[in-house]
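**Q** following is a predicted model, sequence given first.
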Amino acid sequence: MESRPELHPEDLGNGRHYLPTASYNLTNDEKRVICLSLRSLKVLTGFSSNIKRLVSMKDLTLTSFNAHDCHMMMTCFLPIAIRAIKPVYVRMVITRMCYFFNQIARKEICEDKLGDLKHFMAETMGQIE
């Protein structure tokens, strides 16, 4: 199909191939910055669990989430933590998706705004492609 030639595997010989990284893959420096920003995050008691406890600086990963922590990450903390990501379009799409999840997770959704929200998410899905 010849789509995204920069992501095609490169033959290294001897049956080995190199797979280039995509634009949404984070470098170790970006992972470190995100983990540091989440580690330094302080929230009100009862808002969520201690996010600092979920961040592993050794592996640069997030572990031991429960459902509420995952919800808080998707709706509140992720847009704050990804400020250091280099490609602006990746950061923008993630922020738009977090906004969408925040809107549909509310206790009350105004029926008038559902059409706008549907159009907003259609635009976001187009930007992901």
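**A** That came in fine, so what should we check first?
**Q** distance of Val33 from His68?
**A** Applying CB to CB, to the nearest Å, the value for Val33 to His68 is 25 Å. C-beta: built from backbone N, CA, C; applies to glycine.
**Q** nope, Cys76 is what I was after
**A** Separation of Cys76 from His68 (CB to CB): 11 Å.
**Q** list residues touching both of those two?
**A** Ser48 (CB atoms under 8 Å, 6 or more residues apart in numbering).
**Q** which one's more surrounded, those two?
**A** Set Cys76 next to His68 and count neighbours by other CB atoms under 10 Å: Cys76 wins out with 17 against 11.
**Q** any idea how far Gln103 lies from Leu114?
**A** Gln103 is 10 Å from Leu114, by CB to CB.
**Q** which one's more surrounded, the two?
**A** Gln103 (17 against 12).
**Q** list the buried residues for stretch 85-96?
**A** Ile85, Val90, Val93, Ile94, Thr95, Arg96 (16 or more other CB atoms under 10 Å).
**Q** just give the nearest non-adjacent residue to the first one, would you?
**A** If you skip the residues right next to it in sequence, Ile85 has Arg91 as its closest partner in space, 4.7 Å away by CB to CB, 6 or more residues apart in numbering.
**Q** same deal with the fifth one?
**A** The spatial neighbour of Thr95 that comes closest, neighbours along the chain excluded (CB to CB, 6+ apart), is Pro79 at 4.7 Å.
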